[in-house]
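Student: coords please:
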Amino acid sequence: MLDKIRQLMSQGARRGADWDGVAAWAEAASLVFKRARGGDGFAVEGSLGEDYVPWRLEWGPSKRFYFDSNELRIRAELGLPDELQMLVMSRALMRRLESETFHTLTDSLKTYADDSAPEEMRWMAMFHHLEPAALGPLRTHFGALAAVPSSVAAWLKGPLGEQLLRYVAGGPIGPNEPLELMVNRGRLTLRTALAEPVPAVLDAWLAMFAAGVQGLPQAIKALSAPSRGA
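Tutor: Model prediction:
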């Protein structure tokens, strides 16, 4: 009973939040700020680069069971080739999902195709993992997999890899934060756990997302290259 009361009080506090700091940050950067219906989060919309690629940032209750706090999501519809399917994860998060995937596969009542499991878990059983040697200096902190390993290897050699190394070095976002970058169905999505949204941290995650977008042309070129990372 006490837990239920605390949960209701917490929900009430979230609904009462006005996110003035985030709204001011968005306005200063000429971004569009929108409070979520129900008051438990918000969305921010903007564009990237000279091509003004539209993106959407959302913060609120997690849509993934493996995040223990609220979730930050950034995504952009980019019209990428359907065969470009890539996933980069922080190493600790990937190990957790690999364990969950193993238990799902060995459960006689479930399969990896179970629609209740996140797509990331199904990919664990389907796609090629990038070998540590191909990850280079990122291998201690990150793992990667893809339908075509050469594509994610090329992706990590560009601006995204450089930004991930800055992430490891610390700053507004520390090296122990869970991180997921996924390319699927023509879009790029970044997910991470984020208990409280702070403008400096939002800026840092947007920089990570922008680096991911910048490196996608090299990943597309590598789709037809020989696979050396499996």
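Student: which SS state does residue 124 fall under?
Tutor: Following DSSP: H, G, I helix; E, B strand; the rest coil, residue 124 is assigned to helix.
Student: Does residue 30 lie in a helix or a strand, and which?
Tutor: Under DSSP states H and E, no helix or strand contains residue 30.
Student: ugh, wrong one, I meant residue 207
Tutor: helix 199-214.
Student: So which elements touch that helix?
Tutor: Using 3 or more CB pairs under 8 Å, 6 or more residues apart in numbering; DSSP states H and E, the elements in contact with helix 199-214 are helix 20-28, strand 42-48, strand 53-60, strand 71-77, helix 159-169, strand 179-184, strand 187-193. Just so you know, the C-beta spots here come from the backbone N, C-alpha and C atoms, and that holds for glycine as well.
Student: and it, how far from the chain's centre?
Tutor: Computed by CA atoms, centre = their mean, to the nearest Å, the chain-centroid distance of helix 199-214 equals 11 Å.
Student: got the buried residues for that helix?
Tutor: 201-202, 204-214 (16 or more other CB atoms under 10 Å).
Student: Check what pLDDT the nearest residue to residue 187 once chain neighbours are set aside gets.
Tutor: In this structure, residue 187 finds its nearest non-sequential neighbour in residue 77, 5.0 Å apart by CB to CB, 6 or more residues apart in numbering. pLDDT, residue 77: 96.
Student: Pull the contacting residues for residue 77.
Tutor: Neighbour list for residue 77: 54, 186-187 [criterion: CB atoms under 8 Å, 6 or more residues apart in numbering].
Student: quick one: low-confidence ranges for the protein?
Tutor: Low-confidence segments of the chain (pLDDT under 70): 1-18, 101-116, 225-230.
Student: quick one, the helix or strand harbouring residue 156 and strand 179-184 angle?
Tutor: Residue 156 belongs to helix 149-157 when elements are defined using DSSP H and E. Interaxial angle, helix 149-157 versus strand 179-184 (axes from the mean of the first three to the mean of the last three CA atoms, to 10 degrees): 130 degrees.
Student: Please name every helix or strand in contact with helix 149-157.
Tutor: For helix 149-157, the packing partners by 3+ CB pairs under 8 Å, 6+ apart come out as strand 86-90, helix 132-135, strand 142-146, helix 216-221.
Student: Mind listing what's buried along the second one?
Tutor: This points to helix 132-135. Buried residues in helix 132-135 (16+ other CB under 10 Å): 134-135.
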